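Enquirer: Quick one, fold the following:
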Amino acid sequence: MTAYKLLVAVHVLVGVVALVTFWTAGLLRKGTPAHRNTGRVYLLAMLGIIVTGAPMAVARWIDGHVVTAAFLGYLVVITATGTWVSWRAVRDKASIERFTGPAYVALGVLSLASGAAVLALGLKNGTPLLIGFSSVGLITGADMLRRRLRRARSATPRWWMTQHYTAMIGNGIATHIAFLGIGLPRLLPWANGTVLHYLAWFGPLAVAIVAKVVLDRRWKPRPARNAMPQAARAQGA
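Expert: Numbers count the residues shown, from 1 in each chain. So this is what the prediction gives:
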C-alpha cells in the first residue's frame, strides 16, 4: 500500500467515526454528559479529517489535478472553520470578545477568500459544483466578519448556542457530502451517475438550510411584541 492510499484509508476511517458520532450526538439530549462526550469524539474525528485531507489536496495538486486539489483544499478550509467555531462557541460562551478574536477573524477571511477563489475557478471551467459550493465559504466568511464588526450587538442571550449549532450543521454538510459523494460510490459502484452525484453534494446542503431555519425559529431571541406599543405609550405620556 502506497503512502497516499494509506492516507486515504485513514481519512475514510475517521470519516466513518465522524458520521456515526454526528448522529449520535445529534440524537442525544443536549447538555448531557453523553452529548458532550460524543461531541468531543466527533470534533476529534473532524480534526482527523482535516489533518488527512490537507496532504491529500497537496498530492492531487502535485499530480496535476488542479481543480480537484483546489476543491479539496476549499473543503479543508470550511471544515476547519466549522470545527473551530463549534468548539470555541461553547468554550468562550462567557465572552464574545474572546470568541471573535484573531483566530476567528483569520478563519473568516480565509473562508471568504477561498470561496471567492473557488467561484472564480468554477466560472472559468464552467463547473456548477464549484460555483454552487463557493457560496458556503462566501456566506460563512462574510457573516463571520460582519459579526466581528458588530460583536457588541451580537452578544444576545445564547449567542454561543446559535453559533455552535450553525457550525455543527456546516460540519454535518461536510460529513455527509464526504460519505455520499466520495465514499458511497466506492462502496457501491452502481450508486453513481450525474443525478446522484449532484444530489449527494447539494442534498445535504438543502437539508442543512431547512435545519438552520427550524433551529433559528426555536433558539434565536425574538423582539418583545409589546415593545413598540409600550414605547408609544411612554412617549404620549
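
Enquirer: Contacts only, for the most centrally placed residue in the chain.
Expert: Of all residues in the chain, the one closest to the mean position by CA atoms, centre = their mean is Gly170, 2.6 Å from it. Taking CB atoms under 8 Å, 6 or more residues apart in numbering, we find Gly170 in contact with 78, 81-82, 136, 140, 208. Using the backbone N, CA and C atoms, a C-beta is placed for each residue, glycine as well.

Enquirer: Can you flag which of these belong to helices?
Expert: 78, 81-82, 136, 140, 208 (DSSP state H).

Enquirer: any idea how far Leu145 is from Ser134?
Expert: According to CB to CB, to the nearest Å, Ser134 stands 17 Å off from Leu145.

Enquirer: Of the two, give the one with the bigger neighbour count.
Expert: Set side by side, Ser134 and Leu145 show more neighbours around Ser134, with 22 against 17, by other CB atoms under 10 Å.

Enquirer: The more buried one and Ala9: what is the separation?
Expert: For Ser134, the distance to Ala9 (CB to CB) stands at 30 Å.

Enquirer: Check Gly115 too.
Expert: Distance from Gly115 to Ala9, by CB to CB: 30 Å.

Enquirer: More neighbours: which of the two?
Expert: Set side by side, Gly115 and Ala9 show more neighbours around Gly115, with 23 against 11, by other CB under 10 Å.

Enquirer: Isn't that one up against Ile131?
Expert: No. Gly115 lies out of contact with Ile131 (CB atoms under 8 Å); the separation is 10.8 Å.

Enquirer: Do me a favour and average the pLDDT over the helix ranked longest in the chain.
Expert: Determined from DSSP H, the single longest helix within the chain is helix 33-62. Average pLDDT, helix 33-62: 92.

Enquirer: In this structure, mark out all the helices, start to finish.
Expert: With DSSP H as the criterion, the chain has helices at 3-27, 33-62, 66-91, 96-99, 102-125, 128-149, 151-154, 159-177, 184-187, 194-219, 227-236.

Enquirer: I'd like to know which of these has the weakest mean confidence.
Expert: Note on the helices of the chain: helix 227-236 shows the lowest mean pLDDT, a mean of 46.

Enquirer: what's the neighbour count on Ala211?
Expert: 17.

Enquirer: and what of Arg153?
Expert: Neighbours of Arg153 (other CB under 10 Å): 8.

Enquirer: Repeat that for Arg60.
Expert: Here the number of neighbours of Arg60 (other CB under 10 Å) works out to 19.

Enquirer: Check Phe22 too.
Expert: So Phe22, with other CB under 10 Å, has 22 neighbours.

Enquirer: Verify the stated contact: it with Ala174.
Expert: No. With contact defined as CB under 8 Å, Phe22 does not count as touching Ala174 (9.9 Å).

Enquirer: what about the longest helix of the chain, distance to the chain center?
Expert: 12 Å (CA atoms, centre = their mean, to the nearest Å).

Enquirer: for stretch 155-169, same thing?
Expert: How far stretch 155-169 lies from its chain's middle: 13 Å, per CA atoms, centre = their mean.
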